[in-house]
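Trainee: My questions concern the predicted model and sequence given below.
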There are 2 protein chains.
Amino acid sequence: MRKEDLLLAIPGPVPIAPSVYRAMIRPVIGHRTPQFRELNKQVHEMLKEVMCTKNDVFVLAGTGTLAMQASISNLVAPGDEVLNLVNGKFSSRFVEITETFGGKSIVYEVEDGKAIKSPDVEKALEENPNIKFVTMTLNETSTAILNPVWDIGKITRKQGKILIVDGVTAVGGDYVYADEWNIDVLVAGSQKCLGIPPGLSTIMVAPTAWEVINKRETIYDYYANLKKYKKSYEKGGDTPFTPAVTLVQGLHESLRLILEEGLENRVKRHRLMTKAVREGYKAMGLQLLAEEEYTSNTITAVKYPENIEDKEFRSKMEEKGILVAGGQEKVKGKIFRIASMNLCTQREVLTILATSEIILKELGYDLELGSGTIAAEKTLLKG
Amino acid sequence: MRKEDLLLAIPGPVPIAPSVYRAMIRPVIGHRTPQFRELNKQVHEMLKEVMCTKNDVFVLAGTGTLAMQASISNLVAPGDEVLNLVNGKFSSRFVEITETFGGKSIVYEVEDGKAIKSPDVEKALEENPNIKFVTMTLNETSTAILNPVWDIGKITRKQGKILIVDGVTAVGGDYVYADEWNIDVLVAGSQKCLGIPPGLSTIMVAPTAWEVINKRETIYDYYANLKKYKKSYEKGGDTPFTPAVTLVQGLHESLRLILEEGLENRVKRHRLMTKAVREGYKAMGLQLLAEEEYTSNTITAVKYPENIEDKEFRSKMEEKGILVAGGQEKVKGKIFRIASMNLCTQREVLTILATSEIILKELGYDLELGSGTIAAEKTLLKG
């Protein structure tokens, strides 16, 4: 199996549409030109559609962590209290970033595989009335949990707290109603459900967040200083620093494909494919990490049965042409993860499940061949 | 003229080799894989060759300004005195970044088109004995000046100051002896003489700079925190955050081409092409902005003769298929700039000059057709 032919079932990078690859090798254009500005404006308008927002959106030349940094460095002043809601690797990154910029981090953590629920957030806010900001991850990629941002946003808006959301593996793949859910700052990367290679990130900034930013005296960030992005963009679609032109060309094409499929159709497809993956592994007798009511619609985390070794399972999957993700941090070695993002259709889901059956059987797991595939087929037929 | 066929004579993005485009559309690979780590390590080793250094080098997923930020945010503590040597737009960006991170900026500025000379630096350091850092731009792209970093490095090293150099339009195009010249931190972008589209930047960190970084208590940067890059890289070629995989693939191929041509040959070609451009415009009776002794070897800044309007000249050049850069900041409208970077050969130089002759003539400038082209031909023949 040539390495280039691997089916990427990891949560980014994801399989990329051929027309996106073609867009990225259109000869590079100058970025201080009317052509680039027009392309850039169209990208920003399409991103607003995907995020369901009327607020400002910016594209940064850097991966998701840069946009996460921007969401803190521009808003949180040294000493500001920040409630970091943590249930996995990516939500805990907000703690590190908060501390980097001098914020006082107050961590509310639930165990991996559980969701953050709104009554707990309400309680944490009651106990710490000086909290100004709340950070959380919508779709916690490391544990396959979809946190109920829609519920928590009601509380934060009512109490005048600023809600900062990492939407990295949700934007473009699942429902994200930035405005309706009262999100003040929303960040996303390019290499997940937005369907291009890694290298770009995006950030939405609501007027409520601008109010905070505009009052800041000193912002310890230059490259990710949002005021500079706003000023340049408002001059006619410009960027303050050199943008990653070919990736922006790719994003333009990918967003066009997303809107051509229709956001609603795309979300329904992701939800159905992820459900088929879940039903498949459950029918093989495996357990899922995420609590059912809050399970992700773009990724699945599956617990290994006893005696199945992580590295062995995943390297055998890779030998058969399928790249599967392992667990991270606390659940490293205990789970594997299957992403169903961007181009994922039933063709991919079915082969991932069937291949898993063979390999689990080979590794000595007691399983009826076909059990997972049949369950997935039934799920897909029901639609 | 189709916009896609424009000859980019601007200082980045520059014309890209077809094999680099092909490398960038090899199907994207997972970044937490042995393949990516191997690719990444080879890129880092080749970059060290290009920078003539044995020190640590890192690749950041962000454009040149991110690496400039990293060079300050990781080193300069609030209140630290920084001598910012300024002679154009890019060197003055260091002033803004220094102030962003709380450094006390002491500016020594010379007028656009003049170089920073070592006796002046020596004097500035004498007047301000508490200075800890000196920032400068090796090849000031906005004015086509090559600043004598090699002289200044002797002074800063002797006096124990940390020398931070922006090598953005020099690295990969002109001689850059990072270690021999006593550079402590060197930054570069990807879309200039390194020959790929914008989106990556690189930073070299000498042991002298690590000494400072390792003593810092609080670093107001997360995404560009160099300690994180070092730690991940030393684990076997890893990156702390998602890298821009396809651009790294492109950089690998471009560095391979650079070393295949040979760094010495490549520098000689750039130097000869830029000289031919200079001789060409001088023979047309135009004046250059840069003082002769310190003129850049990768870009040329030409003063407009009276009655030639910037926008008109450049839009006519563009109609004929050649994208030329204007002036920036103080010299906006007063100069145009021709970059001769990466793939630039005599084929490009000759057509740029011949086209300029026709257009200047059309716009009413009194010039003998062929004068510039002949001068360039003679320069090229001499070699």
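Mentor: On my side now, so go ahead.
Trainee: Show me how far stretch A:183-191 is from its chain's centre.
Mentor: Here stretch A:183-191 shows a centroid-to-chain-centroid distance of 8 Å under the convention CA atoms, centre = their mean, to the nearest Å.
Trainee: Can it be said to contact chain B?
Mentor: Yes: for stretch A:183-191, a contact with chain B is found by CB under 8 Å from any CB of the partner chain, at A:G189, A:Q191. Backbone N, C-alpha and C define where each C-beta goes, glycine included.
Trainee: What ranges does the stretch 201-350 of chain A have for its strands?
Mentor: Using DSSP state E, counting those that start in this stretch, the strands of the stretch 201-350 of chain A run over A:201-205, A:299-303, A:322-323, A:325-326, A:335-339.
Trainee: what's the closest of those strands to B:Q42?
Mentor: strand A:322-323 (21.2 Å; CB to CB).
Trainee: For that closest one, name the packing helices and strands.
Mentor: Packing partners of strand A:322-323 (3 or more CB pairs under 8 Å, 6 or more residues apart in numbering or on different chains; DSSP states H and E): strand A:7-8, helix A:346-362.
Trainee: Which stretch among the ones you listed is buried most, on average?
Mentor: Highest mean neighbour count among the helices and strands packed on strand A:322-323 (mean count of other CB atoms under 10 Å in any protein chain shown): strand A:7-8, with a mean of 22.
Trainee: Show residues contacting that strand.
Mentor: For strand A:7-8, the surrounding residues in contact (CB atoms under 8 Å, 6 or more residues apart in numbering or on different chains) are A:V14, A:P15, A:G321, A:I322, A:L323, A:A339, A:E348, A:T351, A:I352, B:V28, B:G30.
Trainee: Neighbouring strands of it in the sheet, and parallel or not?
Mentor: strand A:322-323 (parallel) (DSSP bridges).
Trainee: ok now the partner strand, how far from the chain's centre?
Mentor: Put simply, strand A:322-323 sits 20 Å off its chain's centre (CA atoms, centre = their mean).
Trainee: can you list the residues of the stretch 251-383 of chain A near chain B?
Mentor: A:L323.
Trainee: how many other residues sit next to A:K311?
Mentor: 9 (other CB atoms under 10 Å in any protein chain shown).
Trainee: ok so, going back, farthest pair within the contacts of strand A:7-8?
Mentor: A:T351 and B:V28 (19.5 Å).
Trainee: what's the pLDDT at A:M1?
Mentor: A:M1 carries a pLDDT value of 50.
Trainee: Spell out which residues of the stretch 1-150 of chain A are next to chain B.
Mentor: Contact residues (CB under 8 Å from any CB) of the stretch 1-150 of chain A with chain B: A:3-6, A:8, A:10, A:12-13, A:16, A:21-22, A:24-33, A:35, A:60-66, A:68-69, A:73, A:96-97, A:100-102.
Trainee: contacting residues for the nearest residue to A:Q159 once chain neighbours are set aside?
Mentor: Using CB to CB, 6 or more residues apart in numbering or on different chains and skipping the chain neighbours, the partner closest in space to A:Q159 is A:L125 (6.1 Å). Going by CB under 8 Å, 6+ apart, A:L125 touches A:L83, A:I131, A:V134, A:I155, A:Q159, A:K161.
Trainee: Any idea what the nearest residue to the last one once chain neighbours are set aside is bridged to?
Mentor: Counting by CB to CB, 6+ apart, A:K161 lies nearest to A:V134, which is 5.3 Å off, once chain neighbours are set aside. For A:V134, the beta-bridge partners under DSSP bridges are A:L83, A:L163.
Trainee: quick one: A:V134 and chain B, what's the gap?
Mentor: Plainly put, A:V134 is 19 Å away from chain B if you go by CB to the nearest CB, to the nearest Å.
Trainee: Ok, A:D310 next?
Mentor: 13 Å.
Trainee: now swap in A:A244 and tell me
Mentor: Relative to chain B, A:A244 is positioned 3 Å away (CB to the nearest CB).
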